[in-house]
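Participant: turn this into a model:
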Amino acid sequence: MAPANAQVLERYSPALGEVQLAGMPAVVVRPTTASGAQARIVYLHGGAYTTFSARSTLFATVPLAHDLGLELWSLDYPRAPRTRYDQTVPGVTEALRAACADGVPVLLVGDSAGGGLAVAATLRLQRRGCPGPTAACLWSPWTDLGAPTSSRAPLAEVDPILRAEPDLARAALAYAPAARLRDPDVSPAYGEFTSRFPPTLIQCGTREILLSDAVLLHHAIVAAGGRARLEALPGMVHSYPAVLPQLPESRQARRRMRRFFELLRKENFAGRS
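Facilitator: Okay, here's the model as predicted:
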C-alpha cells in the first residue's frame, strides 16, 4: 500500500502524529482543513482482522479526515491470529472508551472488519454504561462471520474485492473458533441492540458479498428502535469509500457522512440548550 499512501500524503499534506489510548497506539491524522471544531473521528481499519494497520491504511483515512475537516485517530488494534476476538474486542473497547472520555463528539468509522469491530465495541460500552461515540458510519461492515459460504455465492462472481473464498472463512477462523462465530463480539449483528445505539450510517455497494451483512445490521438496529440509514449504492464494490477514495462516488459518500454527523451534532446541541 506504500504507493497509494505516498500519493494521498503528497496530495493532502496532513500532519501525522501518534497517541496512546488505554495502551493501544493510534495514528493521528490532522488535515489542513481542520477548523478547530470540537469533534473527532475514530477509525477502525478493515482487512478481515488479519491484515493492514493504521499506517498502511492512510490511503483511506487521509481523504476522510480532509473531507470532513476533523482530526482522525486510527486505532492500531492487534491482528489475528496473534490475538483473537476475546483480546481484540476488549482492547478496542477500552481504547474507544478513552477516546470518548473527554466529552468531545466522536464519529466512529469502521471499514469492513473494522465496521464489525466498531459495533461490537460500542455494544460493550453501552452494556457498561460508559460514554460512547456520538454517531457511527460503517463501510461495508462484516457483521456475520458465521454466515455459510453458500449465502455469499449469489454475489461472489461480481465482487472484485472479496470473491476469493475460502480466504474470508479462513480469516474468520483465525479470529474466532467455529463454535463462537455467532458470538455477538464476533458477529455483532446478533448483539442485543437498544434504542440507545448511536445513530448509524451504513454505506456499501450492491456488488459485494457482504451486502447481506450490512442489511442484517441495519435491520437489527432499526428493530430495536435505533436510528440507522442504509446506503447501498448500485454497482459499487466492497468498502468503496476506503479502497477507491478518489472516485466521485466515494467523495459523495464522504460528503454525506459529513452532513450526517453535522446534523446530529446540531440536534445534540439543540437538545442541551
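Participant: alpha carbons only for contacts and neighbour counts from here, please
Facilitator: Will do.
Participant: residue boundaries of the helices in the stretch 151-273 of the chain?
Facilitator: Under the criterion DSSP state H, counting those that start in this stretch, helices of the stretch 151-273 of the chain are mapped to 167-175, 211-223, 240-243, 248-272.
Participant: report the buried residues of the second one.
Facilitator: When burial is assessed from 16 or more other Cα atoms under 10 Å, helix 211-223 yields the following buried residues: 211-222.
Participant: who are the packing partners of that helix?
Facilitator: With contacts defined as 3 or more Cα pairs under 8 Å, 6 or more residues apart in numbering; DSSP states H and E, helix 211-223 has these neighbours: strand 200-205, strand 228-233.
Participant: between those strands, which one is nearest to F59?
Facilitator: Nearest of those to F59, taken as Cα to Cα: strand 200-205 at 18.0 Å.
Participant: that closest one vs strand 228-233, what angle?
Facilitator: 10 degrees (axes from the mean of the first three to the mean of the last three Cα atoms, to 10 degrees).
Participant: now strand 200-205: average pLDDT?
Facilitator: Across strand 200-205, the average pLDDT comes to 97.
Participant: quick one: contacts of that strand?
Facilitator: By Cα atoms under 8 Å, 6 or more residues apart in numbering, the residues outside strand 200-205 that reach it are 135-141, 211, 214, 218, 227-240, 253, 257, 260.
Participant: give me the pLDDT for A270.
Facilitator: Taking A270 on its own, its pLDDT is 59.
Participant: please apply the same query to D167.
Facilitator: 83.
Participant: which of the contacts of strand 200-205 are buried?
Facilitator: Among the contacts of strand 200-205, the ones that count as buried by 16+ other Cα under 10 Å are 135-141, 211, 214, 218, 227-232, 236-240, 253, 257, 260.
Participant: so who does T61 touch?
Facilitator: Contacts of T61 by Cα under 8 Å, 6+ apart are 29, 43, 72, 74, 242.
Participant: what's the burial count for G23?
Facilitator: Neighbour count for G23, taken as other Cα atoms under 10 Å: 12.
Participant: for it, give its distance to L64.
Facilitator: As judged by Cα to Cα, to the nearest Å, G23 and L64 stand 25 Å apart.
Participant: ok, now Y240?
Facilitator: Per Cα to Cα, Y240 is found 12 Å from L64.
Participant: and for A118?
Facilitator: From A118 to L64 the distance is 17 Å (Cα to Cα).
Participant: helix or strand with the lowest mean pLDDT in the chain?
Facilitator: Every helix and strand of the chain was ranked by mean pLDDT, DSSP states H and E. The lowest is helix 149-156, at a mean of 75.
Participant: any idea how far that helix is from the middle of the chain?
Facilitator: Remark: helix 149-156 is offset 23 Å from the chain centroid, using Cα atoms, centre = their mean, to the nearest Å.
Participant: specify the angle between it and helix 167-175 in degrees.
Facilitator: Going by the same axes, to 10 degrees, helix 149-156 makes 140 degrees with helix 167-175.
Participant: in helix 149-156, what's buried?
Facilitator: Using 16+ other Cα under 10 Å as the test for burial, helix 149-156 gives 152, 155-156.
Participant: same deal with stretch 99-107?
Facilitator: 99-100, 105-107.
Participant: now, which of those sits nearest P199?
Facilitator: L107 (10.0 Å).
Participant: what is the helix or strand hosting that closest one packed up against?
Facilitator: Using DSSP states H and E, L107 maps to strand 106-111. Applying 3+ Cα pairs under 8 Å, 6+ apart, one finds that strand 106-111 contacts strand 40-44, helix 113-128, strand 135-139.
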